[in-house]
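[1] Dropping the sequence and predicted coords here.
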Amino acid sequence: RTRCYQTAAGWWLLGRRGDICCQSSAASHYFTMSIRPSTLPPVQDMPPEGGFRKLDFKRIIPERGPKGWQIWMAASFSIMYGFYQIGKTNTARNQQKLQERKVRYALAPVLQAEADREYLERELINLKKEAEVMKGVPGWEVGKNPYFSGKWMPRAVSHMDRSIK
């Protein structure tokens, strides 16, 4: 039992649950919190006509990305495509190198002939200079190597003038 008090606004129950009006006319009284049992049969709540609406209690889990076999297939195809591209690039590079080698082989005799012609021109110029410088030495033969070893080697002929490159 909880004690009720009268205020200017009416009767109020002062208890643990806050202010509840007990609507009594006595100056001070006790408010009973329970209701006496009735002798009538109990009234049971029933569902509405047609029943309650269906509840959607199914668990909705979002997709977390591709499945494992899909990842494996994508990785396999990308690796195979990468190897295909590497093979294609290697084939093209080998073809390019083959063409460059063929061009070099075709140009080699022409370049060698040009180098030989330049060598002979320099050799003639050097032999003329040697004859002019050694004309006063008795027994000197122009163009003969004093260090003859029995094996032919081209003379180390280069431009003495460093301004010529």
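    Ah, there it is. Numbering: from 1, shown residues only.
[2] Report the helix or strand with the lowest average pLDDT across the protein.
    The helix or strand of the chain with the lowest confidence, counting by mean pLDDT, DSSP states H and E, is strand 18-20 at a mean of 46.
[3] quick one, helices of the protein?
    Per DSSP state H, the chain has helices spanning 68-133. These are given in chain order.
[4] Measure how buried Leu127 is and give me the count.
    Counted by other CB atoms under 10 Å, the residues lying close to Leu127 total 14. (Glycine included, C-beta is placed from N, CA and C.)
[5] what's it in contact with, if anything?
    Going by CB atoms under 8 Å, 6 or more residues apart in numbering, Leu127 touches 142-143.
[6] Same question for Thr91.
    Here Thr91 is in contact with no residues (criterion: CB under 8 Å, 6+ apart).
[7] Retrieve the pLDDT associated with it.
    Here the pLDDT value assigned to Thr91 is 98.
[8] cool, and Ala74?
    Model confidence at Ala74, given as pLDDT, is 97.
[9] Without its sequence neighbours, what residue ends up closest to it?
    Leaving aside its chain neighbours, Ala74 sits nearest to Pro66 (7.5 Å; criterion: CB to CB, 6 or more residues apart in numbering).
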